[in-house]
Structure formats: C-alpha cells, structure tokens
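Peer 1: The following comprises the amino acid sequence and a computationally predicted model.
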Amino acid sequence: MMTYATCDDIDVRRNLQDDERDRCQALLEDAAVIIDAYNKKAPDEAKKLVSCNMVLRAMADTDIPIGATQGSVSALGYSQSWSNSNGSSELYLTKIDKKILGAGNKIGFLNCFKAEGS
C-alpha cells in the first residue's frame, strides 16, 4: 500500500524500536488513506509532513493521553482521571494539518458535484 512517509522518516523524529516498525508502517498506510480522503491533490511534501505528524501523535509515549482536555493527578491513594477530545492513539488531522494540506478554513473546499478527474 502507498504511503507518503517511511518508517525512517519517523525514526529521524522519534527513535523507533525494532518492534515498533510494523505498527509504524501500518499507521503510515492508514494516514495516507485519511490524507487522500481529505485532499488527494495536496503537494507530496505536505502529505509527508502531515503523515509524520499523525503517526507521531498516535505513537506518542506519554502519561498524559493525546487530546486530553481535562485531567487530574493525585497521590496518596487517589487516582488520576482524564477526559479526551480525541481517542488515544488514533490518527486524526489537526487544524494545522488541514492548513498544510491546503484545505484549512476554506468554505466549500470540496465540491461534491465536480467529478474527481475534472
């Protein structure tokens, strides 16, 4: 399946462990599908950057979930809780990703009446 970035591109930004490469490749393939659904005609460099951003978010190693809008941390018998705006470890496009792909804040960006090949 086609991707816009490689595992080596991700490795440069975040040191991948050998056992993470298969997951990284699968996420890159999924990211390409999402990007194409959003704007297939975006420049290749933009698609590469957004692919890397999406996969890095999904593979982030952090105690705070990605997309957490609320959280609490406690000690001495208390637990932590988080509220998420986005699911954890999911691929998604941020506002800046959409702008990079050339589609952010454009009203009527997609014309459902125009054939794709036109």
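Peer 2: That came through fine.
Peer 1: contacts and neighbour counts: CA atoms only from here.
Peer 2: Will do.
Peer 1: Could you report the separation of residue 37 from residue 30?
Peer 2: Applying C-alpha to C-alpha, to the nearest Å, the value for residue 37 to residue 30 is 11 Å.
Peer 1: repeat for residue 51
Peer 2: Relative to residue 30, and taking C-alpha to C-alpha, residue 51 is found at 9 Å.
Peer 1: With neighbour numbers in mind, choose between these two.
Peer 2: Between residue 51 and residue 30, counted using other C-alpha atoms under 10 Å, the more crowded position is residue 51 (29 against 18).
Peer 1: Setting the sequence-adjacent residues aside, check what's closest to the more buried one.
Peer 2: Closest residue to residue 51 apart from its sequence neighbours, by C-alpha to C-alpha, 6 or more residues apart in numbering: residue 31 at 5.7 Å.
Peer 1: show me where pLDDT drops low in this protein?
Peer 2: 61-74, 79-89, 104-118 (pLDDT under 70).
Peer 1: Break down it into its helices, ranges please.
Peer 2: 7-13, 21-39, 44-58, 95-100 (DSSP state H).
Peer 1: Run through who's touching the third one.
Peer 2: By C-alpha atoms under 8 Å, 6 or more residues apart in numbering, the list of residues contacting helix 44-58 from outside reads 4-5, 9-10, 14, 24, 27-28, 31-32, 35, 66, 88-93, 97, 100-101.
Peer 1: Give me the buried entries from those residues.
Peer 2: Those of the contacts of helix 44-58 that meet the buried threshold are 4-5, 10, 24, 27-28, 31-32, 35, 66, 88-89, 91-93, 97, 100-101, by 16 or more other C-alpha atoms under 10 Å.
Peer 1: re the thing from before, deepest of the helices of the chain, which one?
Peer 2: Among the helices of the chain, helix 44-58 has the highest mean neighbour count (mean count of other C-alpha atoms under 10 Å), at a mean of 20.
Peer 1: orientation of that helix relative to helix 21-39 in degrees?
Peer 2: 130 degrees (axes from the mean of the first three to the mean of the last three C-alpha atoms, to 10 degrees).
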